[in-house]
Each structure stands twice: as C-alpha cells, then as structure tokens.
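**Student:** Prediction below, plus the sequence it came from.
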Amino acid sequence: MSLNDLAFLTPVARRNLKELAYEQLRTGLIRGRFSPGYPLTVRGVAEALGISPMPVRAALDRLEAEGALVARDGNRTLAVPELTIEAYRELREIRIMLEGLAAQKAAEAIVPHELEVIEQAVSAMQAAVDAGDVDGYLSTNWQFHFGVYRSSRMPALVSMIESLWLRVGAYVRWMMPDSAALERSMPNHWLIADALKQRDAVAARRAIEADILESSDHLLSMLGASSTSRVAAEDIPT
C-alpha cells in the first residue's frame with residue numbers, strides 16, 4: 001500500500017458516522033498515513049468510508065479547527081499542513097517538554113498491566129524493525145508512546161500531546177527514511193521501557209527527550225535543504 005492511499009480507511013457503521021469518520025482520519029494523520037500537502041476531499045473520503053458526504057464534511061471541519069488540516073485553493077480544499085523548519089523546531093521543543101513530563105509522571109504512576117502492554121509494544125517495534133516493516137513500526141511506535149503517556153494519569157496532558165502528533169504525523173516517514181534509521185531508534189525505546197520498569201522518572205524523561213531529538217535529525221536536514229523550507233509531498237519516502 002502506498003502513502004496517501006485511502007484504502008486503509010474502512011467502511012463505518014451507520015451510527016455516529018461523524019465521530020467514526022473523525023477517528024479514522026485522526027488516526028491516519030497521527031500515524032503518518034498522509035504526506036505533507038496531501039489534499040483531503042469530502043468526496044474522496046466519503047467514498048473510502050462508504051458513507052454520505054455530510055458526516056465527512058463535519059469530521060474534516062473538526063480536524064481543520066484543531067490545526068490538523070489547513071484550507072487552500074481559496075478555502076475550497078483541505079490539506080495536510082506543510083511545516084516550515086521554524087514551525088517544526090517550535091513543535092519539537094514543545095513536544096520535548098510535554099512528552100518528557102508525561103514519561104516522568106508515568107514512571108511514578110505506572111501499574112503492572114500498563115508496563116506489560118508497553119513492553120509488548122516495544123517488542124513489536126523491534127520485530128517490525130527486524131522485518132523492515134515501516135508501517136508496522138509506525139503503528140506500534142504510536143501504541144508504545146501513548147501507552148507511556150496515558151500511564152501518567154494526566155488526561156489533559158495526553159490530549160495536548162495528541163494535538164502535537166496530529167501536526168507532525170505527516171513527517172514521521174522523513175524521521176525514519178530507511179532500515180538503519182529504524183534500528184537507531186530502538187535503543188531509546190528500550191531505555192524508556194526499562195526506566196518505567198525501574199520507576200526511574202529522570203531516566204524515563206531523558207530517554208523520551210533523546211528519542212524526539214534523534215528522530216528529528218534527518219527531518220530537519222531535509223527541511224533545511226529546501227530553499228523554501230518546505231518538503232514537497234511527492235518527495236516523501238514510501
């Protein structure tokens with residue numbers, strides 16, 4: 001399946017259509033299923049979901065209000081935002097603060113069954129890396145991180161972090177351009193899991209911060225190499 005392929009969306013039940021459409025699109029954005037600049041039309045999404053345009057329009061409008069989509073072509077089309085290098089650096093700094101705090105609090109509050117889920121997720125990530133499965137890695141990476149953050153017992157903080165991932169999700173494939181990058185990402189994830197097991201709040205925070213910084217190095221070099229400080233959607237690795 002290629003990047004931007006709407007086939008990953010599945011037809012939804014005939015109840016709560018607006019909410020179900022929103023959740024599928026939101027998950028796709030967070031997990032990097034769309035590239036920067038990719039247009040999302042009411043008609044295209046409605047066809048992929050097998051529902052009428054009205055709930056899709058409501059879902060897209062909600063994502064626009066959250067900053068996950070932006071209007072273009074005279075407000076006739078919604079698209080995945082393209083970040084300048086300055087905007088990405090700002091988001092990265094905020095992520096370091098908020099996600100570091102969530103990891104710190106998780107180390108203090110985590111319970112055994114949550115730790116088990118996180119350890120299973122990091123093992124699944126390693127399996128995806130070993131198989132060269134980028135999509136599998138990205139999916140389990142999301143599960144791992146939000147398993148950590150939800151263990152903080154701070155739902156408002158988790159909501160803020162989700163809003164940041166909505167805005168940077170389109171760039172995750174730049175952060176992990178090849179199998180070597182996937183492999184380089186794993187030590188920090190194992191360190192995070194171990195820090196949580198040891199209830200070491202300082203180590204958990206430092207490992208999350210290191211993961212965010214190291215994973216963004218390639219992306220920043222790509223953004224910096226662009227004369228317009230933007231990455232063209234067609235150049236996103238698939």
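**Tutor:** Here it is on my side, so go on.
**Student:** Please make it C-alpha for all contacts and neighbour counts, starting now.
**Tutor:** Fine.
**Student:** How is the chain partitioned into domains?
**Tutor:** Domain ranges of the chain: 6-79, 85-235, per automatic domain parsing.
**Student:** Now tabulate those domains in JSON lines and tack on mean neighbour count and mean pLDDT.
**Tutor:** Shown next, in JSON lines, are the domains of the chain (neighbours: other C-alpha atoms under 10 Å; pLDDT from 0 to 100):
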{"stretch": "domain 6-79", "mean neighbour count": "18", "mean pLDDT": "88"}
{"stretch": "domain 85-235", "mean neighbour count": "19", "mean pLDDT": "90"}
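**Student:** pull the longest helix from this protein.
**Tutor:** Assignment by DSSP state H gives helix 85-109 as the longest helix of the chain.
**Student:** For it, which helices and strands make contact with it?
**Tutor:** helix 134-150, helix 155-168, helix 179-197, helix 201-215, helix 217-225 (3 or more C-alpha pairs under 8 Å, 6 or more residues apart in numbering; DSSP states H and E).
**Student:** Identify all contacting residues around it.
**Tutor:** By C-alpha atoms under 8 Å, 6 or more residues apart in numbering, the residues outside helix 85-109 that reach it are 148-154, 157-158, 160-161, 164, 168, 195-202, 204-206, 208-209, 212-213, 220, 223-224, 229-230.
**Student:** At the geometric centre of the chain, which residue sits there?
**Tutor:** residue 30 (3.3 Å; C-alpha atoms, centre = their mean).
**Student:** tell me the contacts of that one?
**Tutor:** Per C-alpha under 8 Å, 6+ apart, neighbours of residue 30: 162, 165, 166, 167, 168, 169, 170.
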